[in-house]
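**Q** Provided below are the primary sequence and the corresponding predicted coordinates.
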Amino acid sequence: MLSIIIPTLNEAASLPILLQRLKELLQDTDEYEILVCDGGSTDDTARVACEHGATLVTCARSGRAFQMDAGAKAASGTILYFLHADTLPPTGFHHIITGMVKNGAESGCFRLSFEQKHPMLYLYSWFTRFKTRYLRFGDQSLFVKKQVYEETGGFDTGLIVMEDFEFAGRLIGRSRFVLHGSSVVTSARKYRGNGIIRLQLMFTMVYLMYLAGVSQQILVHFYRSNIR
């Protein structure tokens, strides 16, 4: 079984689109479950999740790493698939993931694309085709065998920023990680709200600061001060 884990915080607008898309893509199989791991939404996220047949996991606090780890612990599937609420997986993703696992993959992800056309966004997504740990981010939708998730320690719940990058790096170092050629389609809403070039510069700053060993406290302060 594939456990699809979706961390949410006030995603009532995006979640119905994703859950409806999952229903369409998974209509030829029943070997899956959908867990919406909510970090305390004040909108209709919880209601939307339940109305669309997802299992609601109410988390003790917000924080994507904490929420995804809660989902992993609640999951009953042998494969965990972490998917952002504003990201749509490629057609056939269930068969792609299970097929890769049957062929020996223990973890992996897809390439990235955006729903908005812009040269900067195309450039950013173009780089995700390269097989390097330095270009693996959460919006590419990570999958991992549950056993491997447990053996590698899962997400570091103490991280607020760069939690996906850190975990993907561990997976690449300690499991057979596969990058599939298909792409997920993610929303550019944050780019529209912050300015496409400006936001990419802010993301690059956070990335470089993290690699330089800057503390989470400073990273979180910089992120929240500069990114809406």
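**A** Cool, the structure landed.
**Q** can you show me the helices along the chain?
**A** For the chain, applying DSSP state H gives helices covering 15-25, 45-51, 64-74, 93-102, 119-126, 146-151, 163-174, 189-194, 196-211, 216-226.
**Q** contacting residues for Ile197?
**A** Met120 (Cβ atoms under 8 Å, 6 or more residues apart in numbering). Yep, even glycine has a C-beta here, placed from its N, CA and C like the rest.
**Q** quick check, Arg176 in contact with Ala105.
**A** Yes. Arg176 is in contact with Ala105 according to Cβ atoms under 8 Å; the separation is 5.6 Å.
**Q** more neighbours: which of the two?
**A** Set side by side, Arg176 and Ala105 show more neighbours around Ala105, with 22 against 16, by other Cβ atoms under 10 Å.
**Q** that one and Val48, how far apart?
**A** Separation of Ala105 from Val48 (Cβ to Cβ, to the nearest Å): 32 Å.
**Q** what does Gly71 give?
**A** Shown here: Gly71 relative to Val48, a distance of 17 Å by Cβ to Cβ.
**Q** contacts only, for the spatially closest residue to Ser175 that is not a sequence neighbour.
**A** Leaving aside its sequence neighbours, Ser175 sits nearest to Glu106 (Cβ to Cβ, 6 or more residues apart in numbering; 3.9 Å). The contact partners of Glu106, taken as Cβ under 8 Å, 6+ apart, are Val144, Lys145, Val148, Leu171, Ser175, Arg176, Phe177.
**Q** who wins for neighbours among the residues you listed?
**A** Val144 (28 neighbours).
**Q** which non-adjacent residue is nearest that residue?
**A** Setting aside the residues directly before and after it, Val144 is nearest to Ser107 in space (Cβ to Cβ, 6+ apart), at 4.0 Å.
**Q** hmm, that neighbour is touching Arg176, no?
**A** Yes. The criterion here is Cβ under 8 Å, and Ser107 meets it with Arg176 at 7.2 Å.
**Q** which residues are contacting the biggest strand by length in the chain?
**A** Counting residues, the longest strand found in the chain (DSSP state E) is strand 177-186. Outside strand 177-186, the residues that touch it by Cβ under 8 Å, 6+ apart are 84, 86-90, 92-93, 96, 100, 105-115, 125, 128-129, 131, 139-141, 168, 171.
**Q** rerun that using 7 Å as the cut-off
**A** With Cβ atoms under 7 Å, 6 or more residues apart in numbering as the test, strand 177-186 has contacts from 84, 86-90, 96, 100, 105, 107-115, 131, 139-141, 171.
**Q** now it: buried residues?
**A** Phe177, Val178, Leu179, His180, Ser183, Val184, Val185, Thr186 (16 or more other Cβ atoms under 10 Å).
**Q** please tell me how far the fourth one sits from Thr78.
**A** For His180, the distance to Thr78 under the criterion Cβ to Cβ works out to 19 Å.
**Q** spit out the contact partners of the closest residue to Tyr32 other than its chain neighbours.
**A** Spatial nearest neighbour of Tyr32, chain neighbours left out: Leu2 (4.5 Å); criterion: Cβ to Cβ, 6+ apart. Shown in contact with Leu2 (Cβ under 7 Å, 6+ apart): Glu31, Tyr32, Gly77, Ile79, Tyr81, His94, Ile97, Thr98.
**Q** thanks again, I'm all set now.
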